[in-house]
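Colleague: need coordinates for the following:
(one chain, ligands or ions: 2)
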Amino acid sequence: MGQIIVMEELLSNKIAAGEVVERPASVVKELVENAIDAGSTSIEIMLEEAGLAKIQVTDNGKGMDEEDAVQSFSRHATSKITTEHDLFRIRSLGFRGEALASIASVSKINLWTSDGVNVGTKVDLEGGRILTCKPAPIRRGTDIIVKQLFFNTPARLKYLKTVQTELGHSIDLINRLALSFPSIAFRLTHNNQTIVQTSGRGDLKQVLASIYGVSNVKKMVRFDGESSDFRISGYASLPEITRASKNYITILVNGRWVKHYGLNNAIVDAYHTLLPIGRFPIVVLNIETDPMLTDVNVHPAKHQIRLSKEKELMELVRQTIRSIIHRVQQPPKIMEKP
Ligand code: ADP
Ligand code: MG
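Modeller: Ligands and ions are numbered 1, 2, ... in the order given. Next comes the predicted model:
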């Protein structure tokens with residue numbers, strides 16, 4: 001007799017959650033990315049106990065109707081891609097359609113959503129099961145509360161670090177998202193205290209100043225560069241402003257914050273011997289390219305990316321940053337009059 005059975009969806013969601021939902025900051029990432037994909041211009045993130053007790057994300061995006069609000073918690077349910085062809089042309093941050101299903105399977109959720117025209121919907125879930133779904137007031141946007149994260153996965157709960165460490169992950173994440181989207185106003189509060197706030201006025205330098213401080217940003221220079229396949233731009237600190245870790249380097253590919261070892265090295269390499277050993281610059285590097293040259297489907301958390309023509313890009317980054325740093329370091333000599 002056959003012993004193999006296809007597992008029920010709630011169980012497979014919980015298994016998938018192991019990869020997607022590592023810690024509170026992973027939930028914040030998925031919820032805020034959804035808010036960005038929904039076209040929001042203002043996103044508020046409220047955490048209690050670093051998100052272990054409560055994570056609330058409120059946006060002013062396009063919202064969902066009742067059918068979608070329920071469907072959004074099903075595995076592999078997405079409005080962002082429909083065909084295999086789309087997988088190579090991804091412009092949205094999400095596309096896997098598994099974040100909400102995964103998060104819901106390991107927490108208790110309340111969702112309010114409305115397109116601002118029709119009556120809204122409220123959905124309550126516990127451990128992935130829908131408890132209630134009822135009409136809610138009309139208010140454009142989505143408001144989602146995730147409570148008691150990992151209440152049914154005690155091993156994961158135990159593995160979490162201190163409130164300070166977990167909060168640090170969320171702050172870092174919101175800083176990077178704010179740098180990626182200067183036109184969105186972000187506000188992160190922890191136990192009702194504002195930790196990160198950006199204006200959403202669309203000025204990257206202003207976002208940099210609110211994160212790294214005005215005096216540091218005065219010592220950052222803008223760079224722009226282009227090759228046949230890539231366009232890059234951003235800000236790089238002068239060698240006098242350094243940090244003890246590479247965490248102050250933010251690499252964005254078509255608006256997505258990614259971790260990329262080779263590009264990190266190319267940036268540090270651009271400074272050559274100008275940086276003391278063990279010190280790193282503050283850099284925001286924006287890379288625009290044809291999505292066909294990128295593959296973000298490497299890991300469910302979508303932190304990593306594979307890039308075609310990587311060597312061309314690394315060379316462009318190295319040369320562009322190197323030349324701007326050298327130009328600013330050694331201003332052109334003005335010929336003295338005889
Ligand atoms: P993905 O983002 O990969 O599509 P998710 O599980 O994160 O998968 O979300 C499922 C779907 O729910 C999304 O495709 C989107 O249509 C809808 N959705 C989720 N969050 C929001 C939101 N804040 N505003 C509007 N729609 C949302
Ligand atoms: Mg998503």
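Colleague: same for the host helix or strand of Ser170, what does it pack against?
Modeller: Using DSSP states H and E, Ser170 maps to helix 163-180. Helix 163-180 sits against helix 24-37, strand 42-48, strand 185-190, strand 193-197, helix 204-212, strand 249-253, strand 256-258, with contacts defined as 3 or more CB pairs under 8 Å, 6 or more residues apart in numbering; DSSP states H and E. Every residue, glycine included, has its C-beta placed from N, CA and C.
Colleague: swap in 6 Å and give it another go.
Modeller: Helices and strands touching helix 163-180, as assessed by 3 or more CB pairs under 6 Å, 6 or more residues apart in numbering; DSSP states H and E, comprise helix 24-37, strand 185-190, helix 204-212, strand 249-253.
Colleague: so which of these gets nearest ligand 2?
Modeller: In terms of CB to the ion, the element of the helices and strands packed on helix 163-180 nearest to ligand 2 is helix 24-37, at 4.4 Å.
Colleague: just want the angle from that closest one to helix 163-180.
Modeller: Here the directions of helix 24-37 and helix 163-180 differ by 20 degrees (axes from the mean of the first three to the mean of the last three CA atoms, to 10 degrees).
Colleague: what residues does helix 24-37 touch?
Modeller: Applying CB atoms under 6 Å, 6 or more residues apart in numbering, the contact partners of helix 24-37 are 21, 43, 50-51, 55, 57, 59, 61, 92-94, 99, 103, 144, 146, 166, 169-170, 173, 177.
Colleague: buried residues in it?
Modeller: Within helix 24-37, the residues scored as buried using 16 or more other CB atoms under 10 Å are 24-37.
Colleague: same deal with stretch 281-294?
Modeller: 281-287, 289, 293-294.
Colleague: circling back: with pLDDT as extra columns, can I get the buried residues of helix 24-37 in a markdown table?
Modeller: Below are the buried residues of helix 24-37 laid out as a markdown table (pLDDT from 0 to 100):
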| residue | pLDDT |
| --- | --- |
| Pro24 | 96 |
| Ala25 | 96 |
| Ser26 | 95 |
| Val27 | 97 |
| Val28 | 98 |
| Lys29 | 96 |
| Glu30 | 96 |
| Leu31 | 98 |
| Val32 | 98 |
| Glu33 | 97 |
| Asn34 | 96 |
| Ala35 | 98 |
| Ile36 | 97 |
| Asp37 | 96 |
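Colleague: what subset of these is also close to ligand 2?
Modeller: Asn34 (CB under 5 Å from the ion).
Colleague: just the buried residues of helix 24-37 that are near ligand 1?
Modeller: Subset of these in contact with ligand 1: 30, 34-35, counting by CB under 6 Å from any ligand atom.
Colleague: for those residues, which one is nearest Ser183?
Modeller: Ala35 (13.4 Å; CB to CB).
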